[in-house]
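# Coordinates for the following, if possible.
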Amino acid sequence: MLKRKFYVKSWLKHALRVTFVLSFLTTPSWAFQDEKGAAEGSQTSAQPAAQTAAQPASRTAAKHDSQTSALCRDGFAFQFPCKNVHLVSFLPLSEIGTPIGGGVNDAWGWEDPDTQKTYALIGRKDGVAFVDVSVPEAPVYVGELLRTLNTPPTTWRDVKVDGYYAFVVADGTGSGDRHGMQVFDLRRLRSFSGSPTTYQADALYDDFTMAHNIAINEESHRAYIVGSRGAGQACGGGLHIVDISDPLLPTFLGCFADPSTGRSGTGYSHDTQCVIYRGPDTTKTGREICVSSNETAISIADVTNPSLPVIISKAAYPNSGYVHQGWFTEDQRYFVQNDELDERAFGGTTSTMIWDLSVLREPELLKIFESDIHSIDHNLYIREGLAYQANYSSGLRILDVRTPSEPEILAWFDTTPDISTVTFDGTWTAYPYPGKNIVILTSRNEGLFIVQPSNIVGTRFQSNSAEVLGGEITFRWTMSSEKNVVRYDIERLKSNNEYEVAATVPAIGGLGDNRAYESSFSLAEGVYHFRLVAYSGDEGTISTKDQTVVSMSGGYLLEEPYPNPVTTTARTSIAVRQSQNVQINLYDLRGRRVLRVFEGHISEGVQIQLQIDATGLSGGVYFLRTVGEKFVTTSELVVVR
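Take a look at the predicted model:
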């Protein structure tokens with residue numbers, strides 16, 4: 001997909017605070033405020049956001065008209081390419097406490113069960129930022145948890161939550177002091193009184209040095225530390241299993257690694273998801289199952305007994321670059337997985353693997369979905385059958401996997417419109433907040449985006465057809481799911497590649513499944529291209545692919561040559577009701593063929609455009625004879641000199 005280039009004006013060299021405000025209760029309005037950053041504050045004491053070091057201007061930040069809507073309209077929310085995703089707010093790096101040269105990485109969320117406040121937990125190179133997103137249109141940076149003492153900043157930091165506590169690991173911190181797993185009591189955020197606070201960890205578990213990721217099973221209160229290295233219990237880089245039922249006293253439970261996977265032969269896991277299993281494989285019901293992404297394969301294990309974990313199976317696929325991360329569908333039947341390096345290693349567009357894990361011992365690769373974009377895929381999470389994918393330079397992509405054999409992209413939002421290469425710049429994580437219609441995006445060199453999928457996302461066409469009879473066309477369509485659709489337009493593609501509305505049908509409205517619609521109108525003879533488009537009240541759209549419709553009274557439709565008379569070149573077109581071989585020739589009055597216009601196969605419903613070159617012909621009357629397998633016809637063409 002081509003991207004527009006945008007140029008940042010020189011005034012953006014100053015630190016920004018740009019908060020984009022979108023209200024869906026009133027006419028959307030936007031406000032912005034510029035603040036020039038002060039000198040970098042101490043990392044050991046609380047510093048107001050305004051005193052954080054000034055950041056270089058984001059490559060995609062821009063000053064916006066305060067009257068412009070933040071809705072995704074005509075493919076853009078301001079300069080950000082989008083479809084069915086609205087920009088709610090944005091905080092640049094400087095407004096979430098990031099020092100100069102820093103950046104962001106992972107993200108997670110927490111809702112305080114006592115106050116109902118919601119927070120975004122944003123990984124930074126130097127620690128974790130806490131942002132109150134209770135009012136998504138006006139996020140507030142409330143504080144930071146700095147990295148473990150005497151460890152360096154790093155590109156890789158991961159954070160997850162269990163109950164009232166956040167658990168943080170970091171990779172690439174060197175072989176010196178152990179970063180380990182930081183534990184932080186999130187209830188401390190309640191004390192925010194207007195100035196961001198710098199916190200220290202409440203506990204540190206240091207039975208390992210560094211780790212690439214952490215996964216938490218909130219049902220079993222276990223943390224699974226993966227990709228650990230250095231001194232301590234590295235577990236081959238596989239699963240380092242920790243009991244966090246007492247969050248301030250984490251306890252080592254065991255290791256698991258499948259040495260037949262991974263690049264180093266130790267069973268290194270890059271990421272994992274661990275669940276109490278309730279899926280279709282009844283032999284494992286109630287067991288604690290982990291599906292890990294192990295560089296070269298997915299690895300499935302039973303870790304119910306962490307001191308004696310059991311390998312269940314592994315599975316690989318052709319042309320894997322780096323088996324990176326994945327997530328179960330809610331029914332635990334399918335596992336949707338990304339590959340971080342295949343686009344670089346083999347070219348092609350962004351691919352997503354969908355595994356059928358109905359039988360955990362026998363994983364089956366059901367589908368490799370090829371997107372229409374060229375970018376590296378990173379983290380993904382699934383909510384209500386939709387995969388929220390962070391695909392670096394193409395941003396958020398929302399992939400409908402409710403029908404896993406036929407996935408479909410429903411929406412997107414690109415945080416880096418000036419980057420179209422296969423690079424590691426752009427969106428690191430897309431976290432769909434449970435129970436909220438917002439998605440938290442961390443864009444590595446830009447900051448925190450909060451976006452909102454259109455309320456039409458989740459709508460999907462099940463089938464559609466068009467039937468022409470007696471000069472009237474009837475469209476019929478069924479919706480496998482319908483969310484907040486207000487109307488359907490039947491749109492016709494014009495010769496200038498723009499669409500015009502041929503008919504409009506009101507929708508039933510609200511939420512529903514398996515709803516059927518029908519619409520009829522008169523249609524002159526010709527070949528047409530139609531599509532169906534569902535519209536929501538917030539300008540969201542879901543459309544079908546173009547469908548070719550041929551309206552003709554007989555078995556063929558032959559356009560009369562024009563201009564006629566002709567001096568240089570005449571044009572004509574032909575379409576057939578049934579696929580067949582066709583010859584079209586031009587003859588003079590003596591019956592001699594003077595020009596072969598066309599010879600070949602014409603498929604049903606395909607309109608062939610033809611040119612008749614008359615520049616070498618003498619003036620006079622000629623006959624254009626068209627011979628198909630099921631018809632013969634002749635028309636007259638006059639050449640003038």
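# Please determine how far Asn84 is located from Leu396.
Separation of Asn84 from Leu396 (Cβ to Cβ, to the nearest Å): 11 Å. C-beta here means a position set from N, CA and C on the backbone, and glycine is covered the same way.
# where do the contact lists of the two overlap?
Ala411, Trp412 (Cβ atoms under 8 Å, 6 or more residues apart in numbering).
# The residue nearest the centre of the chain pairs with what?
Residue closest to the average C-alpha location in the chain (Cα atoms, centre = their mean): Arg397, at 0.8 Å. Beta-bridge partners recorded for Arg397 (DSSP bridges): Gln389, Trp412.
# what sits against it?
Arg397 sits in contact with Thr350, Ser371, Ile373, Gln389, Asn391, Ile409, Ala411, Trp412, where contact means Cβ under 8 Å, 6+ apart.
# I'd say Gly97 and Leu145 touch.
No - assessed by Cβ atoms under 8 Å, Gly97 is found out of contact with Leu145, at 10.4 Å.
# In terms of neighbours, single out the busier of these two.
Gly97 (31 against 26; other Cβ atoms under 10 Å).
# thinking again about what came up before, and the pLDDT for the residue nearest to the centre of the chain?
Looking at Arg397, its pLDDT stands at 96.
# I'd like to know how far it sits from Tyr433.
17 Å.
# And for Gly591?
With Cβ to Cβ as the criterion, Gly591 and Tyr433 are 77 Å apart.
# Same check on His240?
Applying Cβ to Cβ, the value for His240 to Tyr433 is 28 Å.
# do Ile216 as well
To Tyr433, Ile216 is 17 Å away according to Cβ to Cβ.
# same question, Pro318
36 Å.
# again with Asp400
19 Å.
# so where's this structure shaky on pLDDT?
Within the chain, the stretches with pLDDT under 70 are 1-69.
# returning to what we had before: more neighbours: Gly591 and Tyr433, which one.
Neighbour count, other Cβ under 10 Å: between Gly591 and Tyr433, Tyr433 has more, with 20 against 8.
# and the closest residue to the more buried one other than its chain neighbours, what does it touch?
Ranked by Cβ to Cβ, 6 or more residues apart in numbering and with sequence neighbours excluded, the top spatial neighbour of Tyr433 is Gly109, at 5.0 Å. Counting by Cβ under 8 Å, 6+ apart, Gly109 touches Thr118, Tyr119, Ala120, Leu121, Val133, Val161, Tyr431, Tyr433, Pro434, Ile440.
# Closest to Gly262 out of the residues you listed?
Tyr431 (26.7 Å; Cβ to Cβ).
# show me what contacts the closest one?
Contacts of Tyr431 by Cβ under 8 Å, 6+ apart are Ala107, Trp108, Gly109, Ala120, Tyr381, Tyr388, Val439, Ile440, Leu441.
# From what I see, the fifth one and Ala390 are in contact.
The reference is to Tyr381. No - judged on Cβ under 8 Å, Tyr381 makes no contact with Ala390 at a distance of 9.0 Å.
# domain ranges for the chain?
10-453, 460-551, 556-639 (automatic domain parsing).
# winner for burial among these?
Ranked by mean neighbour count under mean count of other Cβ atoms under 10 Å, these are led by domain 10-453, which reaches a mean of 20.
# Just give me how far that one sits from the chain centre.
The chain centre lies 14 Å from the centre of domain 10-453; the measure is Cα atoms, centre = their mean, to the nearest Å.
# ditto for stretch 606-615
Offset of stretch 606-615 from its chain centre (Cα atoms, centre = their mean): 43 Å.
# in which helix or strand would I find Ala345?
helix 342-346 (DSSP states H and E).
# Just after that helix, pick out the following helix or strand.
Once the chain leaves helix 342-346, the next helix or strand it forms, by DSSP H and E, is strand 351-356.
# where along the stretch 301-450 of the chain do the strands fall?
In the stretch 301-450 of the chain, strands defined by DSSP state E, counting those that start in this stretch lie at 310-315, 323-328, 334-339, 351-356, 364-370, 380-383, 386-390, 396-400, 408-413, 427-432, 439-443, 447-453, listed in chain order.
# contact partners of the fourth one?
The set of residues that contact strand 351-356 without belonging to it, under Cβ under 8 Å, 6+ apart, is 298, 315, 317, 326, 333-339, 342-343, 363-371, 377, 380, 387, 389, 399, 401, 404-405, 407.
# Stretch 96-103: end-to-end distance?
Stretch 96-103 has an end-to-end distance of 10 Å (criterion: Cα to Cα, to the nearest Å).
# thinking again about what came up before, closest to Phe192 among the contacts of Gly109?
Phe192 has its nearest neighbour among those in Tyr119, at 10.1 Å by Cβ to Cβ.
# Wait, that closest one touches Arg187, no?
No - judged on Cβ under 8 Å, Tyr119 makes no contact with Arg187 at a distance of 11.1 Å.
# Mind listing the shared neighbours of these two?
Both Tyr119 and Arg187 are in contact with Asp112, where contact means Cβ under 8 Å, 6+ apart.
# which residues touch Leu557?
Taking Cβ under 8 Å, 6+ apart, we find Leu557 in contact with Glu525, Gly526, Val527, Val550, Ser551, Ile574, Ala575, Val576, Gln607.
# how about the residues you listed in TSV, adding secondary structure?
Putting the contacts of Leu557 into TSV (DSSP: H, G, I helix; E, B strand; the rest coil) gives the following:
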residue	secondary structure
Glu525	coil
Gly526	strand
Val527	strand
Val550	strand
Ser551	strand
Ile574	strand
Ala575	strand
Val576	strand
Gln607	coil
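# Tell me which two of those residues sit farthest apart.
Using Cβ to Cβ, the pair of the contacts of Leu557 lying farthest apart is Ser551 and Ile574, separated by 14.4 Å.
# ok, back up a step: can you redo the contacts of Arg397 as TSV with distance to Ala534?
Shown next, in TSV, are the contacts of Arg397 (distance: Cβ to Cβ, whole Å):
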residue	distance to Ala534
Thr350	25
Ser371	22
Ile373	23
Gln389	22
Asn391	25
Ile409	15
Ala411	13
Trp412	17
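# Relative to Arg487, which of those is nearest.
Ala411 (19.1 Å).
# Could I get the contacting residues of Leu386?
Applying Cβ under 8 Å, 6+ apart to Leu386 gives the contacts Ile398, Leu399, Asp400, Val401, Arg402, Leu410, Pro432, Val457, Gly458.
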